[in-house]
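# please work out how this folds:
(2 chains)
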Amino acid sequence: MKRLFIFASALAMSAAMAEAKTFVYCSEASPEGFDPAPYTAGGTFDASAHPVFNRLTEFKKGTTEVEPGLAESWEVSEDGTVYTFKLRQGVKWQSNEKFTPTRDFNADDVIFSYERQAKADHPWHQYIPGITYEYYTSMAMPELIKSIEKIDDYTVKFTLNQPEAPFLANIAMPFASIVSQEYADALMAAGTPEDMNNLPIGTGPFKFVAYQKDAVIRFQKNPDYWGTPAIVDDLVFAITPDAAVRLQKLKAGECHLMPYPAPADIEAIKADPTLKLDEQAGLNVGYLAYNTTMAPFDNPAVRKALNMAINKQAIVDAVFQGAAVPAKNPIPPTMWSYNDSIQDDPYDPEAAKKMLEEAGVKDLSMKIWAMPVQRPYMPNARRTAELMQEDLSKIGVSVEIVSYEWGEYLAKSMEAGRDGAVILGWTGDNGDPDNFLSVLLSCDSAGEGGANRAFWCNEDFSKLLKDAKVTADPAERTALYEQAQVIFKEQAPWFTIAHSTQYVPMSAKVSGFVMSPLGDFTFETVDIAE
Amino acid sequence: MLRFILSKLLYLVPTFLGITIIAFSFVRILPGDPVLLMAGERGVTPERHAELSAQLGYDKPLVLQYFDFLGRLLQGDFGNSLVTKKPVLTEFLSLFPATVELGLCAILIATLIGVPVGVLAAIRRGSWFDQVSMTAALVGFSMPIFWWGLLLIIFFSGMLGWTPVSGRISLLYFFPNVTGFMLIDSLLSGQEGAFASALSHLILPSVVLATIPLAVIARQTRSAMLEVMGEDYVRTARAKGMPPYRVIGIHALRNAMIPVITTIGLQIGVLMAGAILTETIFSWPGIGKWMIDSIARRDYPVVQSGLLLIAALVMIVNLLVDLTYGLINPRIRVK
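Purely as a prediction, here's the structure:
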């Protein structure tokens, strides 16, 4: 009987297949909503910002390079504070049952998309009570953008309070997606503003069709797309939270591609002829941050000694199961300005022991904080901490491992006077080195509300970052960041652990998928062989 | 009978109030808060933290927050999710049918198999059937659901290819949500093969969810049967020369059913707990998975109102179970 069911559904499947090409992606999490501006999760953006919307600038596929999006071109003023964007003409808005656009994309949409996030008194700022714009705020847009003016229908001028080199990359991020003002007006008039978050209308390669909560999201190819149109006709997200089940679905042909396989399954996937596996170094870093304001960890020699006592390769092998490269710099090797000439501190327990003695440190006992959750940059913090504990005991340092609930861990690890070194990490937002170095290691971020968990404030290092931020020339910026990495290595505020590799398993029939260094999943270039 | 129902209903009021307190406190006792989790590794300044907390209304004293919550409940307002910003009740109602469909199938499987197995094991006490089935029940009862579900998927879906891996229906079927029950909606859609697809998707998750209740029901039926089989009236019936199937079917089973029905009723709570894991493994869009996600994100409104709605349902089911006793055993009505 069961066979009969399968047979019947297989028949229906092949009949439907002949009509349209449907690409099924076994996504890992449910989207929080479909308006990209209020959210921060990558899984949400994969279902909203990437298929449905566009931004003024876009990341060139497979890179972190910025290329024109809805802005065809731009000019930057001498002093780097005025950006004038020429907008693309003839870009059609999508339609749905409730809305048919009467005009193309223009400058009003751009101004609306930014002002609704920027201005607290904007009618759309709180279109759903309690909504907040976390990315807009945390990327410091409110402090950065002085004004946005419409010059004409297809020209928009952004004036900044100070020059900001990463600005063009920032506005390529999902939160800066351009939404339709006309659609917003129509929704407001109909008294259903919340549909902005339920039934998205964009300019992107796919149109939103339907979402069944926690189960399925359906998209359709946008035939009027301004760029290269999508190849498949339908795009379906089958939400499958468990990694082992996702793999079973992929093997059974229930989906074509999946994110985040379990590290233990990688070998089996490689061995399966019906599957293929794309891999790429992730834009991330896992680290152990000392409290550099507390003795004896305020002494760089002590931090260096501890770093030399820990066997990094053993952590990469045991915890990451080889799916990572050992980290020597705070930024990953795939990022521009990565300083490859830097030598990592060697694993040398004997020398480490000696260095500790020279620094006058005896019978050191310390805490290591292990995160309670798994993150892309750290599959198992507890195991990592245990390996560190073992290594450090060999040079006479006794380690106590502590952990807290995740929210508390994040808060407590940033409290001044924190006792112990913290395991944590970071995944890049926009591919700019500033998004790692300033956020995680600058003096500005060492205080309350920052993310500098080493509380490390090195004036020289911070000055280099500030200079780089207001320098437009990429070659000059590169030189400054390379210099900053040298200081980082000398001062050793962190033990840099690893940059984990990202894997994407897919059916062997899939072609054209491009992995994104930013961890996005986009499908307009994919095709399925019959 | 009416008085009996009314008195039972009156008991529900204080229980319900108690649950509002538990549901409200539970999520707040957990360390961490939604604002911290939203900010992630990036961190949040104390000012911004205070601003966001105030926006969400979490800066007020807990007692005030509780009465605020209670006051809104009385107006039928269950609050909005902090994550999706949608009304909790809307989300609950959209996900609930999936859990009910799965739960009903599971309890059906558990009862239809569990009761006969229990009866047979009792009649043939000490036989190989008794021993094998009761050992199997013990194994089933101690089975970790997550592992069991994955094992079935790998075997039946992966190796044999008999059943689909996960989801509620093949993605190629797309029809409007009418009742939320996939078996019914697939029939209403009139699409060929849709019902078969929905049914085939239901098999593995219901079997997994049914495993523990099935074991409990089989064991309970067996011991209840053994007890009544030793009663005087059963001996009398036998002595009168009544055929064994009548003795067992009418005299013994009907009396043994009372504790069994209690057990089945209590399994509703067990099912809810099992649904959390089963739904996660089988990507089943129900309220179990919804609750787990919301607890992880400290989505206070969803957790407190969701718990409340689930508790209210379990209470109503137990009330219905109490009422069925009356049908089976007239003496309870009089009491």
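
# worst-scoring helix or strand of the chain, pLDDT-wise?
By default, I'm working from chain A. Ranked by mean pLDDT, DSSP states H and E, the weakest helix or strand in chain A is helix A:2-19, scoring a mean of 45.

# after it comes which helix or strand?
Next helix or strand after helix A:2-19 toward the C-terminus (DSSP states H and E): strand A:22-25.

# then whichever helix or strand comes after that following strand to CSV, C-alphas only?
Using DSSP H and E, the next helix or strand after strand A:22-25 towards the C-terminus is helix A:42-47. Presented in CSV, the C-alpha positions along helix A:42-47 are these (Å, rounded to 0.1, in the frame of the first residue of the first chain):
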residue,chain,number,x,y,z
GLY,A,42,20.8,35.1,7.4
GLY,A,43,18.0,32.6,7.0
THR,A,44,15.5,35.5,6.9
PHE,A,45,17.5,37.4,4.2
ASP,A,46,17.8,34.3,2.0
ALA,A,47,14.0,34.3,1.9
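
# I'd like to know which elements helix A:42-47 is packed against.
On a contact count with 3 or more C-beta pairs under 8 Å, 6 or more residues apart in numbering or on different chains; DSSP states H and E, helix A:42-47 meets no helix or strand. Using the backbone N, CA and C atoms, a C-beta is placed for each residue, glycine as well.

# which of the residues in it are buried?
A:42, A:43, A:44, A:45, A:46, A:47 (16 or more other C-beta atoms under 10 Å in any protein chain shown).

# and residue A:74, helix, strand or coil?
strand (DSSP: H, G, I helix; E, B strand; the rest coil).

# how many neighbours does it have?
Residue A:74 is flanked by 16 other residues according to other C-beta atoms under 10 Å in any protein chain shown.

# got the residues of the stretch 101-250 of chain B near chain A?
Residues of the stretch 101-250 of chain B lying near chain A by C-beta under 8 Å from any C-beta of the partner chain: B:150, B:153-154, B:157-158, B:161-168, B:170-174, B:177, B:191-194, B:196-197, B:199-200, B:203.

# and the most centrally placed residue in chain A, what does it touch?
Centroid check for chain A by C-alpha atoms, centre = their mean gives residue A:429 as the closest residue, at 4.3 Å. Residue A:429 sits next to A:135, A:139, A:173, A:435, A:518 when contact means C-beta atoms under 8 Å, 6 or more residues apart in numbering or on different chains.

# could you list the low-pLDDT ranges of the chain?
You didn't say which chain, so I picked chain A. Residues of chain A meeting the criterion pLDDT under 70: A:1-19.

# could you do chain B instead?
B:1, B:330-335.

# repeat that for 50
B:335 (pLDDT under 50).

# residue B:10: neighbouring residues, count only.
Neighbour count for residue B:10, taken as other C-beta under 10 Å: 9.

# quick check, it in a helix?
Yes. Under three-state DSSP, residue B:10 sits within a helix.

# and the strands in the stretch 201-350 of chain A?
For the stretch 201-350 of chain A, the strands defined by DSSP state E, counting those that start in this stretch cover A:206-212, A:216-221, A:234-238, A:275-281, A:284-289, A:324-326.

# can you state the direction angle for the first one and strand A:234-238?
Strand A:206-212 runs at 40 degrees relative to strand A:234-238, counting by axes from the mean of the first three to the mean of the last three C-alpha atoms, to 10 degrees.

# try the fourth one
Strand A:275-281 and strand A:234-238 meet at an angle of 80 degrees, taking the same axes, to 10 degrees as the criterion.

# from chain A, how far off is residue B:47?
Distance of residue B:47 to chain A, computed by C-beta to the nearest C-beta, to the nearest Å: 8 Å.

# can you list the residues of the stretch 51-200 of chain A near chain B?
Residues of the stretch 51-200 of chain A lying near chain B (C-beta under 8 Å from any C-beta): A:128, A:129, A:130, A:131, A:132, A:134, A:137, A:138, A:194, A:197.

# pop out the phi and psi values for the fifth one.
Per-residue torsions, residue A:132: phi -130, psi 160 (degrees, to the nearest 10).

# buried ones only from the residues of the stretch 101-250 of chain B next to chain A, please, as a PyMOL command.
Buried residues among these (16+ other C-beta under 10 Å), as a PyMOL selection:
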select buried, chain B and resi 150+153+154+157+158+162+163+164+165+166+167+168+170+171+172+173+174+191+193+194+196+197+199+200+203
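
# for residue B:289, see how far away the residue in the stretch 51-200 of chain A that chain B sits nearest to is.
Nearest residue of the stretch 51-200 of chain A to chain B: residue A:128, at 4.4 Å (C-beta to the nearest C-beta). Residue A:128 is 23 Å from residue B:289, where distance means C-beta to C-beta, to the nearest Å.

# likewise residue B:107?
Counting by C-beta to C-beta, the gap from residue B:107 to residue B:289 is 19 Å.

# these two: who's more crowded?
Between residue B:107 and residue B:289, residue B:289 has the larger neighbour count (other C-beta under 10 Å), namely 26 against 23.

# touching, the more buried one and residue B:280? I think so.
Yes. Between residue B:289 and residue B:280 there is a contact under C-beta atoms under 8 Å: 5.2 Å.

# next, show the common contact partners of those two.
Common neighbours of residue B:289 and residue B:280 (criterion: C-beta under 8 Å, 6+ apart): residue A:241.

# got a list of what residue 229 touches?
Going with chain A. Residue A:229 touches A:205, A:221, A:222, A:223, A:524, counting by C-beta under 8 Å, 6+ apart.

# switch to chain B, that's the one I care about
By C-beta under 8 Å, 6+ apart, the contact set of residue B:229 is B:122, B:123, B:252.

# by neighbours, which of those wins?
Neighbour counts for the contacts of residue B:229, by other C-beta under 10 Å, peak at residue B:252, which reaches 26 neighbours.

# now that one, nearest residue through space, not along the chain?
Among residues not flanking residue B:252 along the chain, residue B:228 sits closest, at 4.8 Å (C-beta to C-beta, 6 or more residues apart in numbering or on different chains).

# residue A:242 and residue B:283 touch, don't they?
Yes. Counting by C-beta under 8 Å, residue B:283 is a contact partner of residue A:242 at 7.5 Å.
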